[in-house]
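Participant: model the following, please.
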Amino acid sequence: MCNRHPIAIVVTKRTSNDAERYKPKRLLLFVCLSSTGLCNDSNVMQTICKQHANHGANWGGINRKTAPLQLWLFGKPHVYLDKTAAPRFRTAKTEALLYYLSVTGRSYSREALADLLWSDMPETKAKRNLTQILYHLRKSFEPFLIIEAQSIGFNQAADHWIDVAAFEKAAVYGLLEGDVEGLSKAIELYRGDLLEGFYVKNSLLFEEWLQGQRERLRELMAQALQFLVDYYINSDASDITKGIAYARRLLALDPWRETAHRQMMLLLARSGQLDKALIQYQACRRILADELGIGPSTETAVLHERIQLARTMPPQHLPVLTTPFVGREAELAQLTRLLTSTDCRLATLVGLGGNGKTALALETTRRFQQERAFQFLNGITFVSFTSTTSIARLPPTLAETLNLPLSGRTDPLTAILDYLRNKEMLLVLDGFEHLLDGIDFITAILNTCPNVKILVTSRAPLYLEAEYRLDVEGLNYPRNGAQNLADYDAVQLFVQMAQRVNPQFELSAETQTALAQICRIVAGMPLAIKLAAAWLRVMPIQRVVTEVQHNLDFLSTDMRDIPPRQRSIRAVFDSTWEVLKPDEQCAFQALSVFHESFSAEAAAAVACASPYLLANLIDKSLVQVEHAGRDTRYQLHELLRQYAISRLRTHQPLAPHIQAQSSWRRASYARH
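Facilitator: Got it, this is the predicted structure:
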C-alpha cells in the first residue's frame, strides 16, 4: 500500500438543475504521491471512496473549541495545548517530527523516521537523536503520540484538531458534493502554504515531503477556489462580489492561470466594472508575456473584445408591460436558472395563447436589466414575430431590430451570424408558433454563435435537441373550498384590473364567491381574467359569472392598444386552430364531450386520439395532463371546451371516421 497522503483530483460536469448545477458528478481519480512518482492503488481508492460516501454534510468538521491539542499548520505554524501556546520546541527537528506524524496520521518505524530527519548520518547516531527528541516530545504531547519499541505514530483517538485535516476533508467533501458553504469554510482555513517559513537544516527527505505536501494542498485549494468562482460567476449582483474575492485569491495562488484571469474579467464585467475588467486583461497579457513568453488565448482575446463592445453599447429599450405583472415567482426563478446555466442555450416558454408567455419573458428580461445588468455583456434584444407572416422574413426582422444594415448583395442570415458570432447576448423571439418551419434560423444561430442564448415564446414546442421547455399555465387560482382568496395570483390580478374600471370594487364577502368562480372557469388564464374584469364597469360580478359560463364571445374588448389577435378569447383560439392539422382539429372537437377529466382509453374510443395525436394536442396546450399517483388523466380547459363545441356545432364538421362513433358510446365515455 502506498504510504503517502492521497490527493483527490475531481473531474466535474455541470447539470442544469439549479440545486445540482455546480455539483460535480462522482467521477474521482485518487492518486497517491510518493517520492518516486505516482502510485495508483485500487484498495486506497476504494477505501477513500467509501469514506467519502459515508460522511454527511458535516464531514471534516471537528470541534476545535474543545480540542485540548490544536495544530495550525497553514502559514506560520502555531501549536496550542489547552488553549494556550505550547512550550517552545527544543529543536526544529523536534517540531518537524510532530508535524510530520500529525499530518500523515500513521505510524512509522524508527528507522524510517531517523532516515527522514538525519539521512546524512549513520543509522545508529540518527536513531539516538530520534530517541532524544522523542523524550522531549513526550513531556508535552505524550497523550497524542503512540511510542512503541519498533514504531512511532500519532494517536488519532486522542482529542485533537489539525487545520490541514479539517481543510482536506471539508474541501474534498465540498468538491464531491457541491457544498458551497463547506468549501467557503474550508478555504478560510488556508492561511498560507503548509508550514510557511519553516525550515529544517540537513533534512532533505523531510524537505522533499514538505514540498510535495505544499504542492498537493495548494492544488486542492486551487480546485476549491475554482469551483467557487465557477459557482458565483453567474450569480446575481449581491453574490458576484464573493466570486471576485475568490478569483483574487486564486490569482494570488496561481498568477499564471489564464482561466482565472478570464473569469476575473468576466466577474468584473458582470458587476458593471468594465474598465477594471479591461485592466485585468492587460495584467493577464503582461504576466503571460513576461513569465511564459506567450500571449492570451483566443478565448481570452474574444472576451476582451466583448467587454470593449459593452462599454460602447447604447442603452437598451425593451417593451414595457402596460398591465400589472402578478405572481409567477417560481416560473421567474426557474427561467432565471435556465438562462444563467452554462448548459442551456435555448429555452422555450410554451403555453396556450393568453396565458402570459410574453409577459413572463418581458418580466424576466426586466429583472435581468435591473438586477444583473451585465449578465449578457452585449445586451438583450426582444424581437416580436407575431405579425411576421413568412419564414423568409425571419432574418430581416431580426436584422431590423438589431439595427443591422443590410446591403442588397448580403444574405441577411449570414450578416446576422457574422454580427452575433463573438457576442454574448440574449435574444427573445416572441410569438414563434406559426413559424416553426423556419426552425433552421434558430439552429444556425445556436451552432454559429456560442455565447448567444435564445428565449422563445410559442404555443407549441420547437422540438429541438437543445431546447429546454418551460410550460406556462394559468395563474394559481382558488379551487373549491379554498380560503384566503387574496393569496392567489389570479385573484390579485382580477382585483387590480377591476379597480382600473371600477375603483369601488374590492374583494369582500359579497364578491369573493363570484370572483373565485370566474378564476376557476378560466383556469387562471391572465388574458381571460383581464377581459372578464373589464366588464365590471357596466355590470355586477354575478352577471359576469353567468356570461363567462355560457358565452365564450363575452370575453372580448375594444381596447385599441391590445393587438387584434388578443382582443378576444375566440381570436386567441382561432389563431391556434388555424395551425392544427385536420386530424388534430377533429380529435380536439370530439374531446369537447368530456366535461370532466378523461383517460387515454376514453380519448382513443371517443375521438380516435392515438397516444401520438393526444401528445400533439398536449404540446399545443389544448389538452392538460393531470397526474394523480400512478393514474394519468387529461382535461380540456373550460374555455377551450366551449370553443371546441362551437366549432363542432358550426362550419367545421367532424371527420367521417369520428362521426361514425355512436352517441351512446360518447355518453358512456363522458363519465370515464
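Participant: in space, what's closest to residue 496 - neighbours in sequence excluded?
Facilitator: The shortest distance from residue 496 to any residue other than its chain neighbours is 4.9 Å, reached at residue 324 (C-beta to C-beta, 6 or more residues apart in numbering). Every residue, glycine included, has its C-beta placed from N, CA and C.
Participant: is it true that the one you found touches residue 495?
Facilitator: No. Residue 324 lies out of contact with residue 495 (C-beta atoms under 8 Å); the separation is 9.9 Å.
Participant: between the two, who's got more neighbours?
Facilitator: In terms of neighbours (other C-beta atoms under 10 Å), residue 495 is the more surrounded of residue 324 and residue 495; the figures are 20 against 15.
Participant: residues in contact with the residue nearest to residue 496?
Facilitator: Residue 324 is in contact with 493, 496-497, counting by C-beta atoms under 8 Å, 6 or more residues apart in numbering.
Participant: how about it, secondary structure?
Facilitator: For residue 324, the secondary-structure state derived from DSSP: H, G, I helix; E, B strand; the rest coil is coil.
Participant: check the gap between it and residue 508 for me.
Facilitator: Applying C-beta to C-beta, to the nearest Å, one obtains 20 Å for the distance of residue 324 from residue 508.
Participant: residue 219 too?
Facilitator: 67 Å.
Participant: the two - which one has more neighbours?
Facilitator: Summary of the neighbour comparison: residue 219 and residue 508, criterion other C-beta under 10 Å, with residue 219 having more neighbours (15 against 8).
Participant: that one and residue 77, how far apart?
Facilitator: Distance, residue 219 to residue 77, using C-beta to C-beta: 21 Å.
Participant: and what of residue 609?
Facilitator: Using C-beta to C-beta, one gets 75 Å for the distance from residue 609 to residue 77.
Participant: now residue 317
Facilitator: From residue 317 over to residue 77 the distance is 60 Å, taken as C-beta to C-beta.
Participant: more crowded one of those two?
Facilitator: Residue environment comparison for residue 317 versus residue 77 gives the larger neighbour count to residue 77, 18 against 7, counting by other C-beta under 10 Å.
Participant: can you give me the pLDDT of the spatially closest residue to the more buried one that is not a sequence neighbour?
Facilitator: Spatial nearest neighbour of residue 77, excluding adjacent residues (C-beta to C-beta, 6+ apart): residue 195 at 5.4 Å. According to the predicted model, the pLDDT of residue 195 comes to 95.
Participant: pretty sure residue 195 contacts residue 99?
Facilitator: Yes. With contact taken as C-beta under 8 Å, residue 195 and residue 99 are classed as touching, separated by 6.3 Å.
Participant: pull up the overlap in contacts between these two.
Facilitator: The overlap between the contact sets of residue 195 and residue 99 (C-beta under 8 Å, 6+ apart) consists of 73, 77.
Participant: just the element for residue 640, please.
Facilitator: For residue 640, the element it lies in under DSSP states H and E is helix 638-649.
Participant: give me the helices and strands touching that helix, please.
Facilitator: Helix 638-649 makes packing contacts with helix 569-577, helix 582-590 when contacts are defined by 3 or more C-beta pairs under 8 Å, 6 or more residues apart in numbering; DSSP states H and E.
Participant: next, count neighbours for residue 72.
Facilitator: Other residues lying near residue 72 total 17 when counted by other C-beta under 10 Å.
Participant: chain neighbours aside, what residue packs nearest to it?
Facilitator: residue 78 (4.3 Å).
Participant: next, count neighbours for that neighbour.
Facilitator: Residue 78 has 14 neighbouring residues, counting by other C-beta under 10 Å.
Participant: need the pLDDT of it.
Facilitator: The model's pLDDT for residue 78 equals 95.
Participant: who's in contact with it?
Facilitator: For residue 78, the contacting residues are 71-72, 85, by C-beta under 8 Å, 6+ apart.
Participant: tell me the one of those nearest residue 114?
Facilitator: When these are compared for distance to residue 114, the smallest value, 22.9 Å, is given by residue 71; criterion: C-beta to C-beta.
Participant: skipping its backbone neighbours, what lies nearest that closest one in space?
Facilitator: In space, residue 71 is closest to residue 162, 4.5 Å off (C-beta to C-beta, 6+ apart).
Participant: OK, contacts around that neighbour?
Facilitator: Contacts here follow C-beta under 8 Å, 6+ apart; on that basis residue 162 touches 70-71, 73, 102-103.
Participant: which of those residues has the largest number of neighbours?
Facilitator: residue 73 (26 neighbours).
Participant: distance of it from residue 190?
Facilitator: The gap separating residue 73 from residue 190 is 11 Å, by C-beta to C-beta.
Participant: circling back to that earlier point, hey, least reliable of the helices and strands packed on helix 638-649 by pLDDT?
Facilitator: Among the helices and strands packed on helix 638-649, helix 569-577 scores lowest, at a mean of 82.
Participant: elements contacting that one?
Facilitator: Taking 3+ C-beta pairs under 8 Å, 6+ apart as contact, the helices and strands that helix 569-577 lies on are helix 526-534, helix 638-649.
Participant: between those helices, which gets nearest to residue 419?
Facilitator: Checked against C-beta to C-beta, the stretch from the helices and strands packed on helix 569-577 lying closest is helix 526-534, at 35.0 Å.
Participant: could you pull out the buried residues of the helix or strand just after the closest one?
Facilitator: Scanning forward in sequence from helix 526-534 by DSSP H and E, the next helix or strand is helix 541-550. By neighbour count, with 16 or more other C-beta atoms under 10 Å as the criterion, the buried positions of helix 541-550 are 541, 544-545, 547-548.
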